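S.K.: Have a look at this prediction, sequence included:
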Amino acid sequence: MLDSSLMKILACPDCKGDLKESNSKLTCIKCKRVYQIKKGIPILLPKQ
């Protein structure tokens, strides 16, 4: 689980929407993209 202060500043790199954490993944509330969390580090790579 990510720190709550970190979750406050993280945003989707594509649409800048808020992220929700569940099952070792972050999901964008706005565009529904899913980002992995590996070893406690969110992998927030934009679409290419």
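M.R.: Sure thing, it's come through. Numbering: from 1, shown residues only.

S.K.: Contacts made by stretch 9-20 with the rest, please.
M.R.: Stretch 9-20 is contacted from outside by 2, 7, 26-31, 33, 35, 42, 44-47, using C-beta atoms under 8 Å, 6 or more residues apart in numbering. Heads up, the C-betas are built off the backbone N, CA and C, glycines and all.

S.K.: To which secondary structure element is the residue positioned nearest the centre of the chain assigned?
M.R.: Nearest to the mean C-alpha position of the chain, by C-alpha atoms, centre = their mean, lies L26 at 3.7 Å. For L26, the element it lies in under DSSP states H and E is strand 25-28.

S.K.: And the average pLDDT for that strand is what?
M.R.: For strand 25-28, mean pLDDT rounds to 97.

S.K.: May I have the following helix or strand past that strand as PDB, with CA atoms only?
M.R.: Going down the chain from strand 25-28, the next helix or strand is strand 34-38, by DSSP H and E. As requested, the backbone C-alpha atoms of strand 34-38 are provided in PDB (Å, rounded to 0.1, in the frame of the first residue of the first chain):
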ATOM      1  CA  VAL A  34      -4.200   0.800 -15.100                       C
ATOM      2  CA  TYR A  35      -0.600   1.200 -13.800                       C
ATOM      3  CA  GLN A  36       1.400  -1.500 -12.000                       C
ATOM      4  CA  ILE A  37       3.100  -1.100  -8.600                       C
ATOM      5  CA  LYS A  38       6.300  -3.100  -8.500                       C
END
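
S.K.: any idea how far strand 34-38 is from the chain center?
M.R.: Taking C-alpha atoms, centre = their mean, to the nearest Å, the mean C-alpha location of strand 34-38 is offset from the chain mean by 7 Å.

S.K.: If anything else comes up later, I'll come back, but that's it for now.
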